[in-house]
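[1] What follows is a predicted structure for the sequence shown.
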Amino acid sequence: MEISLHNQVAIITGASSGIGSGIAKSLGAAGATVIVNHSSEHSSDEAKAVLKEITDAGGSGITWQCDVSKEEEVIRMFSEVVSQFGTVDILVNNAGVQKDARFTEMTLDQWNTVIGINLTGQFLCAREAIKEFLRRGIDTSRSVACGKIIHISSVHEVIPWAGHANYAASKGAIRMLMQTLAQEYGADRIRVNSICPGAIQTPINKGAWSTPEALNSLMTLIPYNRIGQPQDIGNLAVFLASDQADYITGASIFIDGGMTTFESFSTGG
């Protein structure tokens, strides 16, 4: 089944590396015009490199610097993208960070930074996307849906994670945000879903896979016995953004090699 996102515009937040870059490349390969969002000048070169891979493969798009935790920057990004490309069809809410600490040692700054980017950033971007979807309405030359939002959550929206209370709290909240938006705007034909990755081989979790010992330890949690790749997430994002997934909304889809089956219980726990 060949999936085409031709004539659609997609904003992917946090797309300069890791899962976001994999999603941007996959959506670009499917024909979408991709906005490769990155958070700062520091990540500008990485974002340009991602865009170059997309355009070298025949795709199109731009890079856009925006800190998704800052309301005025999010509003400006959507306004400028709509001005340049006419509308936005797809939002992939991917930007996220970790600031890990034992709970009693976690600072308010660590808590606020993670909640600000991982949760408030997804709220701000989803709000502006839905405003644009409703302004444009359904255009069947683009999609049978009015718009598509894909939240990038985590297996930690259901698996507690000691030492990462801020991160786990943000991901649990994303589940309720996603389901509420799917409920509130379903009648408008806006589809909202979450992708919940498990262990994906990206810089944010390098310590979990960078040595044979660490990787072997990680495999004790994954029945499928391999670490995920950004393209695995990208493939699912393309499907969820397409009309082939038109009856899917309000769903958390776990892509984790079976991590949420709790492999440690496979021999009785």
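    Thanks, I have it. Worth saying up front: this structure is predicted, and the values here are computed from it rather than measured.
[2] The lengthiest strand in the chain - which strands sit beside it in the sheet, and in what orientation?
    Looking across the chain with DSSP state E, the single longest strand is strand 190-197. Sheet pairing of strand 190-197 (DSSP bridges) gives strand 147-152 (parallel), strand 252-255 (parallel).
[3] Deepest in the core, which of those strands is it.
    Comparing those by mean neighbour count (mean count of other CB atoms under 10 Å), strand 147-152 comes out on top with a mean of 26. For glycine as for every other residue, the C-beta is placed from the backbone atoms N, C-alpha and C.
[4] on that earlier part again, which parts of the longest strand of the chain are buried?
    Neighbour-count burial for strand 190-197 flags 190-197 (criterion: 16 or more other CB atoms under 10 Å).
[5] and if you look at stretch 98-110?
    Within stretch 98-110, the residues that qualify as buried are 99, 106, 110, counting by 16+ other CB under 10 Å.
[6] Name the residues that touch that stretch?
    Applying CB atoms under 8 Å, 6 or more residues apart in numbering, the contact partners of stretch 98-110 are 111, 113-114, 163-167, 204.
[7] Sitting in helices, which of these do you find?
    When DSSP state H defines the helices, the subset of the contacts of stretch 98-110 inside them is 111, 113-114, 165-167.
[8] Make TSV out of those and add neighbour count.
    What follows is the ones in helices among the contacts of stretch 98-110, written out as TSV (neighbours: other CB atoms under 10 Å):
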residue	neighbour count
Trp111	17
Thr113	16
Val114	25
Ala165	18
Asn166	24
Tyr167	21
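[9] Among those, which pair sits farthest apart?
    Thr113 and Ala165 (13.2 Å; CB to CB).
[10] Confidence-wise, which helix or strand of this structure is lowest on average?
    Least confident helix or strand of the chain, by mean pLDDT, DSSP states H and E, is helix 212-219 with a mean of 90.
[11] Quick one: list the elements packing against the helix or strand just after that one.
    Reading on from helix 212-219 to the C-terminus, the next helix or strand found by DSSP states H and E is helix 230-241. Under the contact definition 3 or more CB pairs under 8 Å, 6 or more residues apart in numbering; DSSP states H and E, helix 230-241 sits against helix 18-29, strand 90-93, strand 147-152, strand 190-197, strand 252-255.
[12] can you tell me which helix or strand Ala126 belongs to?
    Element membership for Ala126 (DSSP H and E) is helix 121-136.
[13] Pull that helix out as PDB, backbone CA atoms only.
    Backbone C-alpha positions of helix 121-136 (Å, rounded to 0.1, in the frame of the first residue of the first chain) are rendered in PDB as follows:
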ATOM      1  CA  GLY A 121       4.500  23.100  24.000                       C
ATOM      2  CA  GLN A 122       2.100  20.400  22.800                       C
ATOM      3  CA  PHE A 123      -0.900  22.400  24.100                       C
ATOM      4  CA  LEU A 124       0.300  25.600  22.300                       C
ATOM      5  CA  CYS A 125       1.000  23.900  19.000                       C
ATOM      6  CA  ALA A 126      -2.200  21.900  19.000                       C
ATOM      7  CA  ARG A 127      -4.300  25.000  19.800                       C
ATOM      8  CA  GLU A 128      -2.800  26.900  16.800                       C
ATOM      9  CA  ALA A 129      -3.200  23.900  14.500                       C
ATOM     10  CA  ILE A 130      -6.800  23.400  15.400                       C
ATOM     11  CA  LYS A 131      -7.500  27.100  14.900                       C
ATOM     12  CA  GLU A 132      -6.100  26.700  11.400                       C
ATOM     13  CA  PHE A 133      -7.900  23.500  10.600                       C
ATOM     14  CA  LEU A 134     -11.200  25.100  11.600                       C
ATOM     15  CA  ARG A 135     -10.500  28.300   9.600                       C
ATOM     16  CA  ARG A 136      -9.700  26.200   6.400                       C
END
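[14] Look at Ile248 and give its secondary structure.
    Under DSSP: H, G, I helix; E, B strand; the rest coil, Ile248 falls in the coil class.
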